[in-house]
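> Whatever this is, show me its structure:
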Amino acid sequence: MAMGETTIQVDHISKVYRLYDKPRDRIKEAFSLSRKVYYKEHYALQDVSFSVGRGETVGIIGVNGAGKSTILKIITGVLNPTAGNVAVNGRISALLELGAGFNMEYTGLENVYLNGTMIGFTREEIDRKLDEILAFADIGDFIHQPVKTYSSGMFVRLAFAVAINIDPEILIVDEALSVGDAFFQVKCYHKFEEFKRQGRTILFVSHDLGSINKYCDRVILLDKGRKLAEGAPKDMIDLYKKVMAGAEDGKADAPVPAAAPAVAMEQAQAQDGKLWRSRMEENPNCSSYGNGVATILDYCVMDREHRVTNVLSAGEAYTVQMKVQFHQRISEPVFALTLRDKQGTDICGTNTMYEDFNTGEIREGDVRVISFTQQMNLKGGEYLLCLGCTGFNNGDFEVYHRLYDVCLIRVASGKMMVGFFDMQTRIDYSGRGESNG
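Okay, here's the model as predicted:
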């Protein structure tokens, strides 16, 4: 690291939680004469060390449960480590959870002073920064209303405006930029760039891999509470994709051979006996329904190298694949996929009927594998995948089996845009316009 003096030093940090199977086990343990242990130890973090230099922008990535938010909370003093030490050289402003430290009964203006004071600023210092904070938040007269009346977008605007406009030496952010409209996000990233030019230090956690790649000087990859690696953003994102594919210690399975995706995945499944979806980050609460004529047995998402993953790069080809078993004889089933945003709005989708693809006659017990290969033109962000198998019986539409929100797909893109799609804009610009003298 060649960024001058160290502002954050994390030395061999571990955080251990005691997990009890039943609430009464805590009481049993407290009164046990034999000192019997009733808990299991869970390491949220285990022997994690790294440093951040002054002026660096460092990202922390990892799958859910990797320990990302835990390490930020320890650095900011919200949590105490079980072992290890943290040293911070500089005044921190942290945005770890929306509204953390806000009093819901206070007005927005009262919360500005409350949060500023908690960070360590005097009322006079906050007074000098108040106009900048209010202009950045841009919530108008709502600043005089209780924050309990705010929308989530207004909430994050104010919280981020306070955190980023009171001249912290170190800014720590945990996923806060995933809320708010595109214009507000652009404003926040412009502030990031201004911070970098001023030599401030930024440490942030994000699932937006495009932002990680674009803004970070260095990236730390956590996995199951351990630091798996650290290095250049692109290298760490590539390694993260391998971890997402279920590879132990970042050593991913070899890419599936470049045959037809369905054939290649059948070969891979035969080799290790795993379901395709076992390599995916599944939604345990997905919605499943249908009349039982067919069952979606398995599914996966593959990148352009036919590697199973939840993380896709914008602008590249990818494949959605599912395996379906049929329980009675039918004709021309319709296979479908849909991508939705996290609010449940359908963004795009297709099916074999729309694509004019004839799926033929199906006998009882038949299994079919269908693959949809598309270009990923969605903007960077998180989307939910839905799968379906339907058909027509004497002209009546029937749902054989549908899976709503089976998994999360993360699209990594370094390009900002409005809306959902990259329209592949081409700009022509000429200086030959007429002048009025």
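> would you list every one of the helices in the stretch 151-300 of the chain?
152-164, 182-197, 209-215, 233-244, 261-272 (DSSP state H, counting those that start in this stretch).
> how about the ones you listed, which one is nearest Asp138?
helix 152-164 (6.6 Å; Cβ to Cβ). For every residue, glycine as well, the C-beta is placed using N, CA and C.
> Tell me which other helices or strands that closest one touches.
Identification of packing neighbours for helix 152-164 by 3 or more Cβ pairs under 8 Å, 6 or more residues apart in numbering; DSSP states H and E yields strand 92-95, helix 108-119, helix 123-137, strand 170-174, helix 182-197.
> Serialize the ones you listed to CSV and add fields for distance to Ala83.
Formatted as CSV, the helices and strands packed on helix 152-164 follow (distance: least, Cβ to Cβ, whole Å):
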stretch, distance to Ala83
strand 92-95, 22
helix 108-119, 27
helix 123-137, 36
strand 170-174, 22
helix 182-197, 32
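> closest one to Val10 among those?
Once the helices and strands packed on helix 152-164 are compared by Cβ to Cβ, strand 170-174 is nearest, at 12.4 Å.
> Parallel or antiparallel, which strands does the closest one pair with?
Within its sheet, strand 170-174 is paired with strand 92-95 (parallel), strand 201-205 (parallel), according to DSSP bridges.
> These: lowest mean pLDDT?
In terms of mean pLDDT, the lowest-scoring of these is strand 92-95 (a mean of 80).
> buried set for that one?
Buried residues in strand 92-95, counted by 16 or more other Cβ atoms under 10 Å: 92-95.
> Repeat that for stretch 150-167.
Quick answer for stretch 150-167 (16+ other Cβ under 10 Å): 150, 154-166.
> And stretch 353-371, by the same measure?
353, 359, 362, 366, 368-371.
> Can you list which of those residues are found in strands?
362, 368-371 (DSSP state E).
> which one of these is nearest Glu56?
Closest to Glu56, out of all of those and judged by Cβ to Cβ, is Ser371, at 42.5 Å.
> now for the helices and strands packed on helix 152-164, which one comes closest to Lys242?
Nearest of these (Cβ to Cβ): strand 170-174, 24.0 Å.
> Show me what the mean pLDDT comes to for that closest one.
Strand 170-174 comes out at a mean pLDDT of 87.
> orientation of it relative to helix 182-197 in degrees?
Per axes from the mean of the first three to the mean of the last three Cα atoms, to 10 degrees, the angle that strand 170-174 makes with helix 182-197 is 150 degrees.
> tally of neighbours for Lys274?
Using other Cβ atoms under 10 Å, Lys274 has 14 neighbouring residues.
> Could you do Pro23 as well?
For Pro23, using other Cβ under 10 Å, the count is 7.
> cool, Lys22 as well?
Lys22: 9 surrounding residues under other Cβ under 10 Å.
> before we move on, what about Val311?
Using other Cβ under 10 Å, Val311 has 24 neighbouring residues.
> In this structure it contacts Gly210, no?
No. Judged on Cβ atoms under 8 Å, Val311 makes no contact with Gly210 at a distance of 10.8 Å.
> Is the residue lying closest to Ile74 once chain neighbours are set aside part of a helix or strand, or is it coil?
Nearest residue to Ile74, sequence neighbours excluded (Cβ to Cβ, 6 or more residues apart in numbering): Pro81, at 5.2 Å. Here Pro81 is coil, with the state taken from DSSP: H, G, I helix; E, B strand; the rest coil.
> Could you pull up the contacting residues of Pro81?
13-15, 45, 74 (Cβ atoms under 8 Å, 6 or more residues apart in numbering).
> and what of Glu193?
Tyr215.
> Let me know the pLDDT of Tyr240.
Looking at Tyr240, the pLDDT reads 84.
> residue contacts, it?
With Cβ under 8 Å, 6+ apart, Tyr240 has these contacts: 61-62, 209, 221, 311.
> Now tabulate the buried residues of stretch 353-371 in TSV and tack on distance to Met280 and pLDDT.
Shown next, in TSV, are the buried residues of stretch 353-371 (distance: Cβ to Cβ, whole Å; pLDDT from 0 to 100):
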residue	distance to Met280	pLDDT
Met353	26	95
Thr359	24	96
Ile362	26	96
Asp366	25	95
Arg368	20	95
Val369	16	95
Ile370	17	96
Ser371	15	96
